[in-house]
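Asker: give me the fold of what follows.
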Amino acid sequence: MSWTDTLRDALFGKSGYLDGEIVINVPETVYIKELAMYSAVSLIANAISQCEILVYENGKQVRNENWYSLNVQANVNESASRFWHKVIERMLYADSDKGAFVFVSNGNLYCADSYQIREKRPFKAAGNLYDGVVVDDLALNKTFTAKEVMIFKLEQNQANLAVANMYSDLGSIISSALTHFKDSNVQRWKFKIDAREAGNPEFQKEWQNKLKNAIRSYVDGDTNVFVEYTDKTLEPVTTNNSVGTRVNAEDNIKLINEVFDLVSRAYHIPPGLMTTGNYNISDLVTQFLTFVVDPTADMISKTLTAAYGKDEFIKGNYYRVDTSKIKHFDIFGMASDVDKLISSGFASVNEVRRAADWDPAGDPEDADNWLNQHILTKNYEKEGGETTT
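Answerer: Residues are numbered from 1 along each chain as shown. Predicted coordinates:
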């Protein structure tokens, strides 16, 4: 049973109804794991939401209504960026046999908050049946076929189960370490009184009405002055855990970093992107793009293209997620590389400008505009002045 199931049962009981006022203490270890999971999922979602989804018709890029829905405004309530965030979050938090459930309605794209697989039909043309679809707390009274939806799913959605299984022992260790840290670093006190007063009703009355609150305020730091009464003193308790031998907080930080390392490995994220350390950030970003972002982008591209159908794909109608703009680069630092791209004929000036997220110069559709043409300098010419373009 997950901690969310335990929380639900504690709140509502087996009957499912709230019964009185309940105070629930959620373990710190739950927050640590959830923070690590959120960091990993958010990192992937942020990267994908920055990608442009290219739309091709007859083998050429176009900016039509589909492009607008995928890159600007998914539906009346969500921008495309927020929509893809939601898709990635639902996909990575989904159960092992599910994914992110997306459908089109009146030209708008929607990602369901939850849904059910009503019937698995692997050998029928229409595919599986889905129902119980909920979007923004609105339950849809409709049964969807596989051809009416897009299920975004990766092998990575198994990471939740892997993290939960591996975290069970680590969570217990962290919980014990945090408890030991608190116990070892708390200052304890003793209130010394005459033994004869211990059973005196007058002292008990004084303790309840005056002394207990005064001591609590002093120990908790609400006041800097403690009034000492005759024959009554408040002294700190000296234990083996003196200032020089108290538990170091860095030990707990190392354990918490272990959680982030565990989660990052489950999602194939280079650990250095989620924890501090002496890492080459450029290399980490390259690894992140190669092993996380590119496979996710490829899955999205194929899932969107599959919605077109095989016949449309053969005609040159498909989608492609462009991940080239995720990695930031300084246009001035890349000046020599830009020159090589253009002078070698690899790219036109306007193609390079687009890659740098700059607007094309002149008419980007004018074939006679030299900024749209591939130029080959003499350094790249074959002997005899021949060129290849």
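
Asker: and residue 101, helix, strand or coil?
Answerer: At residue 101, secondary structure determined by DSSP: H, G, I helix; E, B strand; the rest coil is strand.

Asker: also residue 363?
Answerer: Relying on three-state DSSP, one would call residue 363 coil.

Asker: nearest spatial neighbour of it, chain-adjacent residues omitted?
Answerer: Leaving out its chain neighbours, the residue that sits closest to residue 363 by CB to CB, 6 or more residues apart in numbering is residue 369, at 5.6 Å. Where C-beta positions appear, they are placed from N, C-alpha and C, glycine not excepted.

Asker: confidence score at that neighbour?
Answerer: The confidence metric pLDDT takes the value 78 at residue 369.

Asker: cool, and residue 259?
Answerer: The confidence metric pLDDT takes the value 77 at residue 259.

Asker: pretty sure it is touching residue 32, no?
Answerer: Yes - if you go by CB atoms under 8 Å, residue 259 and residue 32 touch, sitting 5.4 Å apart.

Asker: the residue nearest to residue 363: how many residues sit nearby?
Answerer: Neighbourhood size, residue 369 [other CB atoms under 10 Å]: 16.

Asker: list the residues that contact it.
Answerer: For residue 369, the residues meeting the contact criterion (CB atoms under 8 Å, 6 or more residues apart in numbering) are 350, 362-363.

Asker: what's the answer for residue 118, then?
Answerer: Contacts for residue 118 (CB under 8 Å, 6+ apart) come out as 128-132, 143.

Asker: if we go to 10 Å?
Answerer: Applying CB atoms under 10 Å, 6 or more residues apart in numbering to residue 118 gives the contacts 128-132, 143-144.

Asker: what does residue 108 give?
Answerer: By CB under 10 Å, 6+ apart, the contact set of residue 108 is 69, 73-78, 83.

Asker: roughly how far does residue 323 sit from residue 144?
Answerer: The spacing between residue 323 and residue 144, counted by CB to CB, to the nearest Å, is 30 Å.

Asker: do residue 257 as well
Answerer: Taking CB to CB, one finds residue 257 at 43 Å from residue 144.

Asker: so which of the two has more stuff around it?
Answerer: With neighbours defined as other CB under 10 Å, residue 257 and residue 144 compare such that residue 144 has more, 19 against 16.

Asker: ok, the more buried one touching residue 129?
Answerer: Yes - in this structure residue 144 lies within contact range of residue 129 using CB atoms under 10 Å: 7.2 Å.

Asker: which two of the contacts of residue 118 have the greatest separation?
Answerer: Put simply, by CB to CB the two of the contacts of residue 118 set farthest apart are 128 and 132, 13.0 Å from each other.

Asker: for residue 285, pull up the helix or strand it's in.
Answerer: Per DSSP states H and E: residue 285 is located in helix 281-288.

Asker: can you tell me which helices and strands that helix packs against?
Answerer: Counting contacts by 3 or more CB pairs under 10 Å, 6 or more residues apart in numbering; DSSP states H and E, the secondary-structure elements packed against helix 281-288 are helix 28-49.

Asker: tell me the one of the contacts of residue 108 nearest residue 346?
Answerer: Proximity of those to residue 346 (CB to CB) peaks at residue 69, which lies at 31.9 Å.
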